[in-house]
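Asks: can't give you the sequence, but here's the structure:
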């Protein structure tokens, strides 16, 4: 286990939208370098970069055309190496985004695989035996290449699925086993991509769709075997490199597959969703809502067993948001967002802060889809730095996406010195997390009070008791602890006569 993960706090950067230094309207690597001190000043000592590889950008860079080359709009390979070096000078770490399940349909491997003549890349992707063979249970592209066969895609039509084989072979005429030489060759090719960037100074990878490699693998047995083999390579050759999976199944990801970390993703109705982003019948039913209609047990009944099973092997990661879902400000008012972020930063695991969440950037839901973003586009708008042109993102007349034009558009400039801002809560909480080991990535969580359809939620981490009541109603519960001091508070919470009263819209950390 890389030791630096013990106190890692990540900041996710969508490079297109972070900071443009050359005036072309698109963020770049130089912009990230120039803002490293800002990121570290937030309390983040690590960065996850969304894909920076060469791409036709049909899916915002998740359609990779060349794994070994930085997209020219961001800079060069040398620029990325310089970013690694500048980050390391500041004791910071950088994770690149690895996209192992598919490539762009413009990738040289695929251009060769499409050819009628057999070649070394013919089996790098999944093709049926004949163009007339297109089983409906698979997502296929039909009749658009020289080769007599149809190819499988993972998501968009421009993303042909790489061949890691099938766990259950239903069509032996064209499906290969996961342990075939052809499937193993794909895994080896991906290892080489990882080695290339690790050798240049990357500190690891966030892995896109990590559970999607082997097909017909419902229990992810064969997929886990591939990742275990990759983890063995990392432990042997790059012991300080970290990998975090887009999986949202900690037991399969961490215990079975060897990932160091696993994201809690926003899958509708799961624990994360029920905390922050759950709507049902047109009504907000998330726990973090003023209407008080959330149920903390929907989260805890899922989270606590997963934490207990994986805590000795890796970290469950909570994120404020990411590039694939609406920002939390879309669901909750800013006071509730403060409570949500404060709570998130006191939970065990490695936290991830999405760029702009520290200032409460808004979700721009009215935008036309950009580079395959669709509904996600509104969470990918330019970072808002100050009151200058394009809110400080770029001097261009036309930007990658338009900035927030609202009168209340938050910026770093107008938020960083505001005592009542989300920025203040984020920086305060990350400083407290760093200063107090009991609130850090490692350690336990003990539930003090949590009831079905009730508030507050109270839990213990070492010598600290944390209480949060995001509802609009005061709540009083029995409380048997002696409070020595209040470490941090939002709103009002009171301990008196063996009871704790969590007033509406409150969060507190008590030292006991």
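Replies: Happy to help now that I have it. The model shown is predicted, which means the values in this text are computed figures rather than measured ones. Numbering: from 1, shown residues only.
Asks: quick check: residue 467 vs residue 450, distance?
Replies: Using C-beta to C-beta, to the nearest Å, residue 467 is found at 11 Å from residue 450. C-beta coordinates here come from the backbone N, C-alpha and C atoms, glycine included.
Asks: more crowded one of the two?
Replies: Neighbour count, other C-beta atoms under 10 Å: between residue 467 and residue 450, residue 467 has more, with 26 against 18.
Asks: surely the more buried one and residue 503 touch.
Replies: No. Residue 467 lies out of contact with residue 503 (C-beta atoms under 8 Å); the separation is 10.3 Å.
Asks: quick check: residue 123 vs residue 451, distance?
Replies: Applying C-beta to C-beta, the value for residue 123 to residue 451 is 56 Å.
Asks: of the two, which one has the most company?
Replies: More crowded of residue 123 and residue 451, by other C-beta under 10 Å: residue 123, with 19 against 12.
Asks: and that one, helix, strand or coil?
Replies: Recorded secondary structure, residue 123: coil (DSSP: H, G, I helix; E, B strand; the rest coil).
Asks: same thing with residue 240?
Replies: coil.
Asks: now the lengthiest helix in the chain: mean pLDDT?
Replies: If you go by DSSP state H, the chain has its longest helix at helix 181-199. Averaging pLDDT along helix 181-199 gives 98.
Asks: centre of the chain to that helix, how far?
Replies: Its chain's average C-alpha position is 23 Å from that of helix 181-199, according to C-alpha atoms, centre = their mean, to the nearest Å.
Asks: cool, stretch 331-348 as well?
Replies: The answer for stretch 331-348 is 17 Å, by C-alpha atoms, centre = their mean.
Asks: now stretch 342-359
Replies: That offset, for stretch 342-359, works out to 11 Å (C-alpha atoms, centre = their mean).
Asks: which neighbours do residue 467 and residue 450 share?
Replies: 457-458 (C-beta atoms under 8 Å, 6 or more residues apart in numbering).
Asks: tell me the domain boundaries of the protein?
Replies: Domains of the chain are assigned by automatic domain parsing as 3-100+183-437, 102-161, 445-511.
Asks: let me have these in a markdown table, adding distance to residue 175 as columns.
Replies: Shown next, in a markdown table, are these (distance: least, C-beta to C-beta, whole Å):
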| stretch | distance to residue 175 |
| --- | --- |
| domain 3-100+183-437 | 8 |
| domain 102-161 | 8 |
| domain 445-511 | 44 |
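Asks: against which helices or strands is the helix or strand hosting residue 243 packed?
Replies: Taking DSSP states H and E as the criterion, residue 243 maps to strand 242-245. With contacts taken as 3 or more C-beta pairs under 8 Å, 6 or more residues apart in numbering; DSSP states H and E, strand 242-245 sits against strand 93-98, strand 204-207, helix 221-237, strand 261-263.
Asks: can you list these in TSV and add distance to residue 119 and mean neighbour count?
Replies: Below are these laid out as TSV (distance: least, C-beta to C-beta, whole Å; neighbours: other C-beta atoms under 10 Å):
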stretch	distance to residue 119	mean neighbour count
strand 93-98	25	23
strand 204-207	28	26
helix 221-237	24	18
strand 261-263	37	27
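Asks: dump those into a markdown table; add mean pLDDT and distance to residue 36 as well.
Replies: As requested, the helices and strands packed on strand 242-245 are exported to a markdown table (pLDDT from 0 to 100; distance: least, C-beta to C-beta, whole Å):
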| stretch | mean pLDDT | distance to residue 36 |
| --- | --- | --- |
| strand 93-98 | 98 | 10 |
| strand 204-207 | 98 | 18 |
| helix 221-237 | 98 | 25 |
| strand 261-263 | 97 | 22 |
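Asks: of these, which is nearest residue 396?
Replies: Judged by C-beta to C-beta, the one of these that comes nearest to residue 396 is strand 93-98, at 24.8 Å.
Asks: per-residue confidence averaged over the following helix or strand past the closest one?
Replies: Downstream of strand 93-98, the next assigned helix or strand under DSSP H and E is helix 108-113. Helix 108-113 carries an average pLDDT of 98.
Asks: kindly report the same for stretch 35-55.
Replies: In this model, stretch 35-55 carries a mean pLDDT of 98.
Asks: what residues of that stretch count as buried?
Replies: 35-36, 38-40, 42-55 (16 or more other C-beta atoms under 10 Å).
Asks: could you tell me the end-to-end distance of stretch 49-65?
Replies: 17 Å (C-alpha to C-alpha, to the nearest Å).
Asks: got JSON lines for the helices and strands packed on strand 242-245, with distance to residue 246 too?
Replies: Formatted as JSON lines, the helices and strands packed on strand 242-245 follow (distance: least, C-beta to C-beta, whole Å):
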{"stretch": "strand 93-98", "distance to residue 246": "9"}
{"stretch": "strand 204-207", "distance to residue 246": "6"}
{"stretch": "helix 221-237", "distance to residue 246": "12"}
{"stretch": "strand 261-263", "distance to residue 246": "6"}
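Asks: out of those, nearest to residue 185?
Replies: Residue 185 sits nearest to helix 221-237 of all these, at 12.1 Å, using C-beta to C-beta.
Asks: neighbouring contacts of the closest one?
Replies: Contacts to helix 221-237, defined as C-beta under 8 Å, 6+ apart, come from residues 164-165, 167, 178-179, 187, 190-191, 194-195, 198, 210-214, 217, 241, 243, 245, 252, 256-259.
Asks: can I get the buried part of the residues you listed as one ChimeraX selection?
Replies: Per 16+ other C-beta under 10 Å, the buried members of those correspond to this ChimeraX selection:
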select :164,165,167,178,187,190,191,194,198,210,211,212,213,214,217,241,243,245,252,256,257,258,259
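Asks: what's the least confident helix or strand in this protein, going by average pLDDT?
Replies: In the chain, the helix or strand scored least confidently by mean pLDDT, DSSP states H and E is strand 279-280, which has a mean of 92.
Asks: fine by me, we can end here.
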